[in-house]
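sharing a model prediction with you, sequence too.
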There are 2 protein chains.
Amino acid sequence: MGAALERLSASHIAQAVRSGQTTALAVIEGVIERLSAYDTLQPQAWISRAEGDTLRQKAREIDARVAAGKHLPLAGVPFAVKDNIDALGFETTAGCPDYAYWPSQNARLVQRALDAGAILVGKTNLDQFATGLNGSRSPYGAPRCVFNRAYISGGSSSGSAVATAAGLVAFAFGTDTAGSGRVPAAFNHLTGFKPTKGRWSTTGLVPACRTLDCISVFTEAPEDAALIDNVVSGYDPGDDFSRDLAQIEHPMQRIGVAAQLNWCGDIHSEYLYAKALERLKQMGFDLIEIDLAPLSAAAALLYSGPWVAERTAAIKAFLKSSPGSIDPTVRSIVEGGLTVSAVETFDGIYQLAGFKRYADQMWDQIDALMLPTTPTIYRVREMLAQPFALNANLGLYTNFVNLLDMAAIAVPAGFRPNATGFGITFMGPAGTDRALLTLASQWRGHTTYPVPELDLTQEFRMDTIKLSVVG
Amino acid sequence: MGAALERLSASHIAQAVRSGQTTALAVIEGVIERLSAYDTLQPQAWISRAEGDTLRQKAREIDARVAAGKHLPLAGVPFAVKDNIDALGFETTAGCPDYAYWPSQNARLVQRALDAGAILVGKTNLDQFATGLNGSRSPYGAPRCVFNRAYISGGSSSGSAVATAAGLVAFAFGTDTAGSGRVPAAFNHLTGFKPTKGRWSTTGLVPACRTLDCISVFTEAPEDAALIDNVVSGYDPGDDFSRDLAQIEHPMQRIGVAAQLNWCGDIHSEYLYAKALERLKQMGFDLIEIDLAPLSAAAALLYSGPWVAERTAAIKAFLKSSPGSIDPTVRSIVEGGLTVSAVETFDGIYQLAGFKRYADQMWDQIDALMLPTTPTIYRVREMLAQPFALNANLGLYTNFVNLLDMAAIAVPAGFRPNATGFGITFMGPAGTDRALLTLASQWRGHTTYPVPELDLTQEFRMDTIKLSVVG
C-alpha cells in the first residue's frame, strides 16, 4: 500500500459541505479509510478515537442540520483534540493512564467547534502533561515525523500534528506553553497558530503552567486557522486567565530578524532560514535586525527558572500519590519545581519584567518578529538518549513567547534533505493575532514547497537519505 | 506654647508664589518656625532634615526662577519624602540605620517635584522597610497621631503623614503597598492618594513588594494631590513596572459599599461610616451593595500568602548579613518569606486571578468602591503589645487594592470622640486615577469637619477623653 500525502483543508471542507458539493458523510468515510490506513504506520498518534459508526452518525446529523439551513461554519470538518483537553465521551489522560478521568463536559473550545458543525474524530497523543517539545515522552508510544519516521514528530502536541499532517483530520487542537503548538507544526510542514494568552478559553484544559498555557491549533493553511479562530475566540468569564484583548490589526511591514542564531549544527536549517529571509525581502517587507539576547534570557527562565514550579503545582497531588505513574523524564522535570522558593520565583518575575520591557521597546521598532521555529530536529533515538539537552535546544526560539505575552504562528519554510519539515514562526505583541494570520497567509501565498511523498511502506527511507547527506 | 493646626495647601502656596502674593522665602520661614515648634512634640517624624539656611537658599533660588518667568507648578511648595525614597543630599535609611546608603541620584518623582519648584524639607520616618501599617516599627521612634499622641500615626508612611498633618510641609511622598499611604491619611485627617500601580515611577524606591509597590502622596485636599499627579505621573522606561495606562475618566456615579463590615469593635468608626453613606446618598450617588468576601480573601493573601516573600527578596542579602540590625517584628515577617515555596507562590497567583476576575465583574456594576480606610485605630502601647494581630486589622480594607490592580484615594470622614481621624477610601479599577481625584474633591466639597485643635502642650489629653467615652 502506498499513498501520497493529501492534506485536508478545514475551510474547503466546510465550504463544500455547506454548499452541497459534498456531504459530511462522504468526508467522514474518507477519513475512516485514511485512519485505518495510517493505523498501520502510527497508531500511536491517537490515545482514543470514536468508532466509525459513531462518526458516520455524527456526519449524518451535520448533513441534516445543513439541509435544515443551519449556519455551521465548520460543517462536517473532522478534527482531533490533544488528550489534555476535555471532550465528552473520551477519557482525558494527559498522556498518563493512571491520571485519567472522565470529563463531565466538553472544554469550551471543543464545544464551540462541535456547535459549529465540526466532527470530533478522537483524542491525540502528547508528551505527558504537555511537558516536552519532542513527542517521545508518552507511554502511548512516540509519534514520529510524518515524512520521516526515524525523526521526532515534535511535541508536546505530537499526535495532533501527526493526525493533521497525515490528512486524518482537517484541524487539531494542541496546546502551547513553551512551543508545543509550534515545534510539531514545523517538523510536519503545518500551520501552528498559538493565539495571545487569554484569547482562547482554557476551560477544560489540564494545566501545565497556568499563567502561560494556551490552546493552539494545527491546520493545513493560515486561512484555516483564521476560520477556527473566528469560531472559538472570545472572552470566557469562567476562565480566570481569559482576557478581553484589544485587537491590533495594523499591517505588518517591519519584520524583526536575528543576525546570529544558534543552529545546533544544522546547516540545512540555517540555509532554509536564509532562503526565508530572502523571500521576505522579495515580498517587500522591511527586515530589521534585533538583538535576541534578552529574549533568549527570558526563554531560559521557563525551565531553568521558577516557572517549572507551575508544572509541579498543576499535578502536585498526583505527584505525591503516584510518582511511579509518571514518565521518568517528565517526573524529573516536575520534581525540580519542588525545591524552588518563593523568593526565587519573585526574583524570576522581576527578571522577566526587565525582559518584557525590552520586548515592549522592540515592538516600537518592528511589527512582527520572524525566527526559525526550531534550530534543528532530532531522531527519536537521539532524543531518548539525551532527553533534556536536546529538548532544550528545540525551545530556543519558542520558550519566551508566552512569558513575554506574544502571539505566534508557525508556518512551513521548506524541507531538509532528510525530508523533515523546517518552519519559521512569526510573532507579534499581544492582540496581533489577526495581523499575524494575515501575514502568514501572505507568506504562504508566496511560497510553495514540493511536499515529499508520504510513503506508507518504507519507514526509514528518508533517514538513509539524511545519513548520506549530513550524517 | 499652644498652636492651632494650620495645614498647608500645595496648590494655594504654588499659586501665591507664582502670582507674587508671597515668596518662597516667606513660605519657608514659616515652615522653619513650625518645624522647630513641632520638634518639641514629635521630632521622630523625621529621620533627616535640611538645615534652615539650606532651605532659605533653595527658596531664594525658586523666587529668582519665578521672577525670571519660569513655569514652576510647585513654586515654593515645601515637601517631605519618606525615607525609603532616594533624595540627593540625604541618606536613604528605609528606617534601618545599618541599611542606610547615600543615593547617587534623586528618585524620579523627587526630581520631578524639585524641577517643578518644590522645596525638599527632609526625609520622614517609616515602619522599617515599609513593613507595617502602624508607625511603631522604627528605631527612630514611633510617630503618633497628630491629634492624640497616645495613638499610632498609622504607617508605614508615618512621618510623611505627621509632617503633612502638622502643617510642616504641604505634601509628602509616602509609599503604599498594603495601605501605607492610606492608613496614616485616615488617622491624621489627610488626603492620601495611591495611584494605579505603574502610573508613578518607582525608580529610586527601596522595594518592599516590587510587583505591588506604589509611591503615594499625602496632601491637605484632593486638588493638591491632583496637582502633584500632574507633575509626577507618566511612563518611565527605566522602571520595569511602569505602565502606559489608558486613562478612564468617566464620571463615577455608582458607588459600591459593603453591608457587613468588621469594625474590630469600634462603634465610632461604624457610626462615621454610616454617616458617610448617608452623605453620599444626599450627594446623589447610587449606592450599590457588593460582596466583600472575595476582596477580603485577596487581602489575606498579602501577608498570609506568598507575597510576603517579595519583602524577603527585597532585602535578602541584608537579612543574611545583618539579621540583628532589623526590627524584630519586621524581621519575623520578612523571615516568613524564606519558607514559602514556588508552588505555593503560583497557587497564590492562581487564587488571586480568581479574585481579580471577581473584581473585574464588580467593575461592571459599580464605578467606584467606598470602604472605611481602616476599621479602627489603636494606642501605641496596644500596638506594641500585639504587633501582628492589630496591624493585620488595620489592613482589612486596604491590603487587596494593589493585588487587584486598583487606584485609591483616602479622604477624611470625621473624628472619633478621642480626636483621632476616621477616613474612607474611594477605589476604582486601574486607570481611574483622575476620576477618583474628582470624586474625592466632590466629597470634600460636601463635607466639613471641625478639626480638633492641635494642642502642643497636653500630649495625652485626648486619650483621657477617649477613655471616658469608650474606654
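Arrived safely, thanks for sending. Numbering: from 1, shown residues only, chains lettered A, B, ... in the order given.

the stretch 51-200 of chain A: strands as residue ranges?
For the stretch 51-200 of chain A, the strands defined by DSSP state E, counting those that start in this stretch cover A:78-82, A:119-124, A:171-175, A:191-194.

of all these, which one comes closest to residue A:162?
strand A:119-124 (7.6 Å; CB to CB). In this view, the C-beta of every residue, glycine as well, is placed from N, C-alpha and C.

pLDDT of the closest one, averaged?
The average pLDDT within strand A:119-124 is 98.

what's the closest non-adjacent residue to residue A:294?
residue A:358 (4.1 Å; CB to CB, 6 or more residues apart in numbering or on different chains).

how far off centre is the stretch of helix or strand the one you found belongs to?
Assigned by DSSP states H and E, residue A:358 belongs to helix A:342-365. Taking CA atoms, centre = their mean, to the nearest Å, the mean C-alpha location of helix A:342-365 is offset from the chain mean by 25 Å.

so what's the residue count around the residue nearest to residue A:294?
17 (other CB atoms under 10 Å in any protein chain shown).

residues contacting the residue in the stretch 351-471 of chain A that chain B sits nearest to?
As assessed by CB to the nearest CB, chain B sits closest to residue A:353 within the stretch 351-471 of chain A, at 3.9 Å. Contacts were defined as CB atoms under 8 Å, 6 or more residues apart in numbering or on different chains; by that measure residue A:353 touches B:240, B:241.

which bits of the stretch 151-300 of chain A sit near chain B?
Proximity of the stretch 151-300 of chain A to chain B is confined to A:210, A:211, A:237, A:240, A:241 under the rule CB under 8 Å from any CB of the partner chain.

quick check: closest non-adjacent residue to the last one.
Residue nearest to residue A:241 in three dimensions, not counting chain neighbours: residue A:198, with 5.5 Å by CB to CB, 6+ apart.

would you map the helices across the stretch 1-150 of chain A?
For the stretch 1-150 of chain A, helices defined by DSSP state H, counting those that start in this stretch occupy the ranges A:10-19, A:24-39, A:52-67, A:108-115.

let me fix that, I meant to ask about the stretch 301-450 of chain A.
A:308-314, A:316-321, A:328-336, A:342-365, A:380-385, A:387-394, A:400-403, A:433-445.

to chain B, which of the helices of the stretch 1-150 of chain A lies closest?
helix A:108-115 (15.1 Å).

starting at the chain centroid, how far to that closest one?
With CA atoms, centre = their mean, you get 18 Å for helix A:108-115.

list the buried ones in it?
A:108, A:109, A:110, A:111, A:112, A:113, A:114 (16 or more other CB atoms under 10 Å in any protein chain shown).

what residue ranges in chain A are flagged as low confidence?
A:1-5, A:455-471 (pLDDT under 70).

what residue is smack in the middle of it?
residue A:181 (1.7 Å; CA atoms, centre = their mean).

surely that one touches residue A:218?
Yes: in this structure residue A:181 lies within contact range of residue A:218 using CB atoms under 8 Å: 7.2 Å.

any residues in contact with both of the two?
A:157, A:174, A:192.

how distant is whichever strand or helix holds residue A:217 from the center of its chain?
If you go by DSSP H and E, residue A:217 is part of strand A:215-219. Once both centres are worked out by CA atoms, centre = their mean, strand A:215-219 turns out to sit 5 Å from its chain's centre.

what residues sit buried inside the following helix or strand past it?
Scanning forward in sequence from strand A:215-219 by DSSP H and E, the next helix or strand is helix A:222-232. Across helix A:222-232, burial judged by 16+ other CB under 10 Å covers A:222, A:223, A:224, A:225, A:226, A:227, A:228, A:229, A:231, A:232.

same deal with stretch A:33-48?
A:34, A:35, A:38, A:41, A:42, A:44, A:45, A:46, A:47, A:48.

neighbours of residue A:68, how many?
7.

quick check: the residue nearest to residue A:241 vs chain B, distance?
11 Å (CB to the nearest CB, to the nearest Å).

so that residue sits against residue A:242, correct?
Yes: using CB under 8 Å, residue A:198 is in contact with residue A:242, at 5.2 Å.

for the residue lying farthest from the centre of chain A, list the residues it contacts.
In chain A, the residue that sits farthest from the middle, by CA atoms, centre = their mean, is residue A:68; the gap is 34.9 Å. Contact analysis of residue A:68 by CB under 8 Å, 6+ apart lists nothing.

just to revisit the earlier point, and the buried ones among the residues of the stretch 151-300 of chain A next to chain B, selectable in PyMOL?
The PyMOL selection below is limited to those of these classed as buried (16+ other CB under 10 Å):
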select buried, chain A and resi 210+211+240+241
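
using CSV, lay out the residues of the stretch 151-300 of chain A next to chain B together with secondary structure.
Listed next are those as CSV, based on DSSP: H, G, I helix; E, B strand; the rest coil:
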residue, secondary structure
A:210, coil
A:211, coil
A:237, coil
A:240, coil
A:241, coil
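
of the residues of the stretch 151-300 of chain A next to chain B, closest to residue A:61?
Using CB to CB, those come closest to residue A:61 at residue A:237, 29.5 Å.

if we can go back for a sec, just send the strands of the stretch 51-200 of chain A back as JSON lines, with mean neighbour count too.
Shown next, in JSON lines, are these (neighbours: other CB atoms under 10 Å in any protein chain shown):
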{"stretch": "strand A:78-82", "mean neighbour count": "30"}
{"stretch": "strand A:119-124", "mean neighbour count": "28"}
{"stretch": "strand A:171-175", "mean neighbour count": "30"}
{"stretch": "strand A:191-194", "mean neighbour count": "32"}
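
can you put the ones you listed in TSV and add distance to residue A:342?
Shown next, in TSV, are the strands of the stretch 51-200 of chain A (distance: least, CB to CB, whole Å):
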stretch	distance to residue A:342
strand A:78-82	31
strand A:119-124	36
strand A:171-175	27
strand A:191-194	29
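
taking the residues of the stretch 151-300 of chain A next to chain B, tell me the two that lie furthest apart.
Most distant of those, by CB to CB, are A:211 and A:237, 18.4 Å apart.

near chain B, which residues of the stretch 351-471 of chain A?
A:353, A:354, A:356, A:357, A:361.

any idea how far the residue nearest to the centre of chain A lies from residue A:82?
9 Å (CB to CB, to the nearest Å).

try residue A:278
35 Å.

again, but for residue A:176
10 Å.

shared neighbours of those two, anything?
residue A:157.

just want the angle from the strand holding residue A:217 to helix A:222-232.
140 degrees (axes from the mean of the first three to the mean of the last three CA atoms, to 10 degrees).

strand A:215-219 pairs with which strands, parallel or anti?
strand A:171-175 (antiparallel), strand A:191-194 (antiparallel) (DSSP bridges).

that one to helix A:108-115, inter-axis angle?
40 degrees.

rewinding a little: from the residues of the stretch 151-300 of chain A next to chain B, pick the one nearest chain B.
The nearest one, if we look at those relative to chain B and count by CB to the nearest CB, is residue A:240, at 3.9 Å.

quickly note the distance from the residue nearest to the closest one when sequence neighbours are not counted to residue B:156.
Take residue A:240 and drop its neighbours on the chain: the residue closest to it by CB to CB, 6+ apart is residue B:353, 3.9 Å away. Going from residue B:353 to residue B:156 by CB to CB gives 27 Å.

sounds good, over and out.
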